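Chemist: Need a 3D model of the sequence below.
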Amino acid sequence: MLGDNLSAQVGSLVDHLRRRGQDPSLVEVASVTEVLIATMQAYFRSIDTSIYREFRELSDYIAKAKGEIASLRPGDLQRDRLPRAGRELEAIVRSTEEATNKIMAAAEAIMAADPAGGAYGALVSDRCMEIFEACSFQDITGQRISKVVETLTYIEERVSRLKDALGAELADVPAEETRKGDAALLNGPALEGEGIAQDEVDKLLGEAAAPKPEPAPAPAPTLAPGAKASQADIDALFD
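Modeler: Here you go, the predicted structure:
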């Protein structure tokens, strides 16, 4: 806008001097120069203000992003939360494996015992108690899983805040598929409500057309005792 006004004012002064038909005086040249300087100062002041405002907005944007990144506490995540979540998952796998082995061993002992033996009842009672004790791992496992979920929720909340701080104009980047070949086909185990239900699989297999059975061969002609076979009877044997 100021650039257009500057061009218009300079053009007006030049036209005025040309219409006079004589060389401009020193005073007129000084006046034109003064107008040019004043106009240019206003023009450059507007540029400085615009650039300052843009840099100020950029600085505020960066400061806000830094604040949100700092609220993520990446050092705390790296030093404590994520390693602890990993250890909790390892403990869950280990305790689940130990409980499974105990339950299977107790069940095998019951199956291998002789029901006719006098100690069968006591053995079954003892092994059932071992199974009940092994199932108690679920209580501790539930507590460990809650800690892992708490860490994931912590990360999710702060990443969401960071996304809001950076603005809604951020486009979602499509996820990169890193699995190749047969590994890309493995998506299980499926959660509840996902995948294909067993009823649908059974229905699909049941709707498949069963092959038609081949017709049974015609019985060979039989001859009465003492009767001679005719040529037609012989030919019928090879049909």
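
Chemist: helices and strands around the top helix by length along the chain, which ones?
Modeler: In the chain, ranked by residue count with DSSP state H as the criterion, the top helix is helix 26-71. Under the contact definition 3 or more Cβ pairs under 8 Å, 6 or more residues apart in numbering; DSSP states H and E, helix 26-71 sits against helix 2-20, helix 137-166. Quick note: C-beta positions are derived from backbone N, CA and C, even for glycine.

Chemist: Where among the ones you listed is average confidence lowest?
Modeler: Between the helices and strands packed on helix 26-71, the one with the least mean pLDDT is helix 2-20; it has a mean of 65.

Chemist: okay, now the domains of the protein?
Modeler: As assigned by automatic domain parsing, the chain contains the domains 2-70, 73-168.

Chemist: Can you add distance to D202 and mean neighbour count and give those domains back as JSON lines?
Modeler: Below are these laid out as JSON lines (distance: least, Cβ to Cβ, whole Å; neighbours: other Cβ atoms under 10 Å):
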{"stretch": "domain 2-70", "distance to D202": "52", "mean neighbour count": "11"}
{"stretch": "domain 73-168", "distance to D202": "29", "mean neighbour count": "13"}
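
Chemist: Just put the ones you listed in CSV and tack on distance to A197.
Modeler: Formatted as CSV, the domains of the chain follow (distance: least, Cβ to Cβ, whole Å):
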stretch, distance to A197
domain 2-70, 43
domain 73-168, 26
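
Chemist: mean pLDDT for those: which is lowest?
Modeler: For these, where the average pLDDT is lowest is domain 2-70, sitting at a mean of 72.

Chemist: L72 - nearest residue in space that isn't next to it in sequence?
Modeler: R158 (4.6 Å; Cβ to Cβ, 6 or more residues apart in numbering).

Chemist: Do I have it right that the one you found meets A70?
Modeler: No: using Cβ atoms under 8 Å, R158 is not in contact with A70, being 10.1 Å away.

Chemist: and A197, what are its phi and psi?
Modeler: Torsion angles at A197 (phi, psi; degrees, to the nearest 10) stand at phi -70, psi 150.

Chemist: Equivalent analysis for R73, please.
Modeler: phi 50, psi 60.

Chemist: That one and V148, how far apart?
Modeler: 18 Å (Cβ to Cβ, to the nearest Å).

Chemist: cool, and A70?
Modeler: Applying Cβ to Cβ to A70 and V148 gives a distance of 24 Å.

Chemist: now Q138
Modeler: 15 Å.

Chemist: re the thing from before, and E207, which of the domains of the chain is closest to it?
Modeler: domain 73-168 (37.9 Å; Cβ to Cβ).

Chemist: list the contacts for the spatially closest residue to T141 that is not a sequence neighbour?
Modeler: The shortest distance from T141 to any non-neighbouring residue, by Cβ to Cβ, 6+ apart, is to I92 (5.3 Å). The contact partners of I92, by Cβ atoms under 8 Å, 6 or more residues apart in numbering, come to 141, 144-145.
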